[in-house]
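Trainee: using only what follows, build the 3D model:
(2 chains)
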Number of protein chains: 2
Amino acid sequence: MRVDELQTPALLVDRADLQHNLRTMAGALPGARLRPHVKAHKTTALARLQHRAGHPGLTCATIREVEGLAAAGLGDDLLLANEVLDARRLGVVAESGARVTVAVDSEQTVQAAVAGGVREVVIDVNVGLPRCGCAPEDAGRLADLARSKGLQVRGVMGYEGHVMPVLDAQDKLRQTEDCMALLLRAAADVGGDLVSAGGTGNYAVNTWAGEIQAGSYLLMDSAYGEQGLPFRQALTVLARVISANPQGWAVADLGLKSLGMDHGNPTIPGASVWFCSDEHTTFSSDVPVAVGDLVRAVPAHVDPTVAMHERLHVVDGDEVVETYDVDLRGW
Amino acid sequence: MRVDELQTPALLVDRADLQHNLRTMAGALPGARLRPHVKAHKTTALARLQHRAGHPGLTCATIREVEGLAAAGLGDDLLLANEVLDARRLGVVAESGARVTVAVDSEQTVQAAVAGGVREVVIDVNVGLPRCGCAPEDAGRLADLARSKGLQVRGVMGYEGHVMPVLDAQDKLRQTEDCMALLLRAAADVGGDLVSAGGTGNYAVNTWAGEIQAGSYLLMDSAYGEQGLPFRQALTVLARVISANPQGWAVADLGLKSLGMDHGNPTIPGASVWFCSDEHTTFSSDVPVAVGDLVRAVPAHVDPTVAMHERLHVVDGDEVVETYDVDLRGW
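Mentor: Next up is the predicted model:
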């Protein structure tokens, strides 16, 4: 199938860029040094490529992601790097033979793991981002509590998300070190062998964590693209020009329902985006645009963009070479 | 089922508010004076309620919406108020017996309607919003072209979307009148009996259009809520507090993948939202918050929020009384 036969809007993933990103990361963080975060693509077929690239463990953000990966035979070592208050569905997955570990940061989440039949946990430690995670000095107590209830505590995780956007390399290194000092202190109290942290924005400098939870590297994000990382923008949103106004603007059929908008408007190469509506993006172009033309827009934030689509198409130029279901959407 | 048994995040629609909105609009714009826009909810079951409330025609933004409504027996009069370059799927729906009308604003879109087997069109006229629509003075020529190719031209549509956010009532009235003057001039050249325009933001003052394409009124949007419209905020996103930090913040399990973010962060009653991540919202609350608590957040933009969810739950207080699939998602 050719790209121009696709119903628009549609997610395109450039095959060469995808393979480049996969290889580059597997070279930098081989094997279990990377625990790819599947929330970035929510696509079992892409998780399988990461698994085949040598990374046995995968990171999830939702129960649905854990369920889908386990059902697909990718359940060697699934970490739900998020807190849940009802872990029963996770318990069912663990019962089925997959290895399921869930993050806990409170007595309630420890209790939920126990009640749900999950056997393994990591202590989620707050390392500076105001989000989940217990205080570093509280991690040992939580680990003791978890063990007292029969859970196996595999170690710690902590996400230094506030460090990801830092542009200056020295700042990024120093801030990562500060965060990981907190995490390692907690790890010493907790025990176990997992120290899980990091992301695409600092995968190269976080040498303290045992494994890095990067996800965006695979399809890439324009915000990360500005950081000079060695990954390529593999994902675009294909759209079709449905209207062209002689007053100087054109309209493509992508919009708020096909684009993650939390980082702002998408970019269209050679064009200036005016605004997005539900199913429209109005833009002006440096070159003449005709009704029927295809554009490949770069969304401002890839993760939520992918989650809005039912499928993605791996392309080689104008040829569609694979179509994968974005099958891990929802909760 | 009780609300606290739902997997979070989840869409909740308050039944009393839904019924109030349905009734209030049907009172103001009875029967065919309203052509409800289903893009606001993408839910066949809600379109059926609107149809039963006396509105025979429905407005769609995507081919998928047209297909779904027709398949559900709601195809009395479906208007795709958007341009398409490949109308073959619409032709199949028309062939099945539903009445399908598509917007055209160029020779190419006229040609696409012909090639796709669609028999009825409206001329989409630009009335001031820089988006789709031909120049008003070009509408007659396009109508002639369409008729010369065997299409039935039912009239005109034009969306004065830029008027919707106007707060001052006099300004809104005057701007609506200016837009509709353009549309009525085009209508005179085009012929036919449809003059379709408007939205929730000016449904009460647009007395020039024959039918109003309002959609947001049913579930309501916080932006419209500030305009003093007589509709109630029926939709919220249920989330669960998964972490509470003694330093003063809490985290609920909704985020960029469950919230339309183009209008900014959601609001949580009695709380201040700090930021949203993919599956988290960090907030501080005026009252103590405990892990496991439920919150009902109001998304900043309802339409794209609904499109991120597989289903919505109609609730009466803490009781789930209906669960509907958001079945018209995708393209």
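Trainee: just give me the residue right at the centre of chain A.
Mentor: A:Ala40 (2.5 Å; CA atoms, centre = their mean).
Trainee: contact partners for that one?
Mentor: Contact analysis of A:Ala40 by CB atoms under 8 Å, 6 or more residues apart in numbering or on different chains lists A:215-216, A:218-219, A:302-303, A:306. (C-beta placed from N, C-alpha, C; glycine too.)
Trainee: of those residues, select the buried ones using a ChimeraX command.
Mentor: In ChimeraX, this line selects whichever of these come out buried by 16 or more other CB atoms under 10 Å in any protein chain shown:
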select /A:215,216,218,219,302,303,306
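Trainee: give me the subset of the contacts of A:Ala40 lying in strands.
Mentor: Using DSSP state E, no member of the contacts of A:Ala40 falls within strands.
Trainee: how near is the closest residue to A:Ser285 other than its chain neighbours to A:Val3?
Mentor: With CB to CB, 6 or more residues apart in numbering or on different chains as the criterion, A:Ser285 has its nearest non-adjacent residue at 4.3 Å, and that residue is A:Ala271. From A:Ala271 across to A:Val3, the span is 18 Å (CB to CB, to the nearest Å).
Trainee: what's the answer for A:Gly91, then?
Mentor: Taken as CB to CB, the span from A:Gly91 to A:Val3 is 43 Å.
Trainee: do the same with A:Arg119
Mentor: Distance from A:Arg119 to A:Val3, by CB to CB: 46 Å.
Trainee: same question for A:Lys149.
Mentor: 54 Å.
Trainee: domain assignment for chain A?
Mentor: Domain ranges of chain A: A:3-11+A:232-325, A:16-218, per automatic domain parsing.
Trainee: was I right about A:Trp331 contacting B:Thr8?
Mentor: Yes - judged on CB atoms under 8 Å, A:Trp331 makes contact with B:Thr8 at a distance of 7.1 Å.
Trainee: for the stretch 1-150 of chain A, what lies in contact range of chain B?
Mentor: A:7-9, A:39, A:61-63, A:82-86, A:105-106, A:108-109, A:126, A:130-133, A:135 (CB under 8 Å from any CB of the partner chain).
Trainee: model confidence over the one helix or strand A:Glu67 maps to, on average?
Mentor: If you go by DSSP states H and E, A:Glu67 is part of helix A:63-71. Mean per-residue pLDDT for helix A:63-71: 98.
Trainee: got it, and stretch A:268-282?
Mentor: Rounded mean pLDDT across stretch A:268-282 is 97.
Trainee: please save the CA atoms from that stretch in PDB.
Mentor: Output of stretch A:268-282 as PDB, limited to C-alpha atoms (Å, rounded to 0.1, in the frame of the first residue of the first chain):
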ATOM      1  CA  ILE A 268       4.600  21.300   9.400                       C
ATOM      2  CA  PRO A 269       7.900  21.500   7.500                       C
ATOM      3  CA  GLY A 270       8.100  24.600   5.400                       C
ATOM      4  CA  ALA A 271       4.900  26.000   6.900                       C
ATOM      5  CA  SER A 272       3.600  28.100   9.700                       C
ATOM      6  CA  VAL A 273       0.800  26.600  11.800                       C
ATOM      7  CA  TRP A 274      -1.900  29.100  12.700                       C
ATOM      8  CA  PHE A 275      -4.200  27.000  14.900                       C
ATOM      9  CA  CYS A 276      -5.800  23.600  15.400                       C
ATOM     10  CA  SER A 277      -9.500  22.700  15.700                       C
ATOM     11  CA  ASP A 278     -10.900  19.300  16.400                       C
ATOM     12  CA  GLU A 279     -10.300  17.900  13.000                       C
ATOM     13  CA  HIS A 280      -8.500  20.800  11.200                       C
ATOM     14  CA  THR A 281      -5.100  22.500  11.300                       C
ATOM     15  CA  THR A 282      -4.900  25.900   9.500                       C
END
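Trainee: any residue of the lowest-mean-pLDDT helix or strand in chain A touching chain B?
Mentor: Every helix and strand of chain A was ranked by mean pLDDT, DSSP states H and E. The lowest is helix A:222-225, at a mean of 82. No - under the criterion of CB under 8 Å from any CB, helix A:222-225 makes no contact with chain B; the nearest approach is 13.1 Å.
Trainee: so the next helix or strand after that helix, near chain B or not?
Mentor: The element immediately downstream of helix A:222-225 (helix or strand, assigned by DSSP H and E) is strand A:235-245. Yes - Strand A:235-245 is in contact with chain B by CB under 8 Å from any CB, via A:240, A:242-245.
Trainee: which one of those is nearest B:Val100?
Mentor: The nearest member of the residues of strand A:235-245 next to chain B to B:Val100, counting by CB to CB, is A:Ile242 at 17.3 Å.
Trainee: tally up the residues packed near the residue nearest to that closest one when sequence neighbours are not counted, please.
Mentor: Nearest residue to A:Ile242, sequence neighbours excluded (CB to CB, 6+ apart): B:Glu83, at 4.0 Å. By the measure other CB atoms under 10 Å in any protein chain shown, the count of residues near B:Glu83 is 27.
Trainee: pull the contacting residues for B:Glu83.
Mentor: Contacts of B:Glu83 by CB under 8 Å, 6+ apart are A:242-243, A:251, A:253, B:102-106, B:109, B:124, B:132.
Trainee: farthest pair in these?
Mentor: A:Val251 and B:Val102 (15.5 Å).
Trainee: and the strands in the stretch 1-150 of chain A?
Mentor: Taking DSSP state E, counting those that start in this stretch as the test, the strands found in the stretch 1-150 of chain A are A:10-14, A:57-60, A:77-80, A:100-104, A:120-124.
Trainee: for B:Leu182, which of the ones you listed is the nearest?
Mentor: Between the strands of the stretch 1-150 of chain A, strand A:10-14 lies closest to B:Leu182; by CB to CB that is 34.1 Å.
Trainee: avg pLDDT for the closest one?
Mentor: On average, strand A:10-14 scores 98.
Trainee: got the angle between it and strand A:235-245?
Mentor: 130 degrees (axes from the mean of the first three to the mean of the last three CA atoms, to 10 degrees).
Trainee: direction included, what does strand A:10-14 pair up with?
Mentor: Counting by DSSP bridges, the strands paired with strand A:10-14 are strand A:235-245 (antiparallel), strand A:311-316 (parallel).
Trainee: pull out the buried residues from the shortest one.
Mentor: So the one you mean is strand A:311-316. A:312-315.
Trainee: which elements pack onto the next helix or strand after it?
Mentor: Per DSSP H and E, strand A:311-316 leads on to strand A:319-325 as the next helix or strand towards the C-terminus. In terms of contacts (3 or more CB pairs under 8 Å, 6 or more residues apart in numbering or on different chains; DSSP states H and E), strand A:319-325 is packed against helix A:44-52, strand A:311-316.
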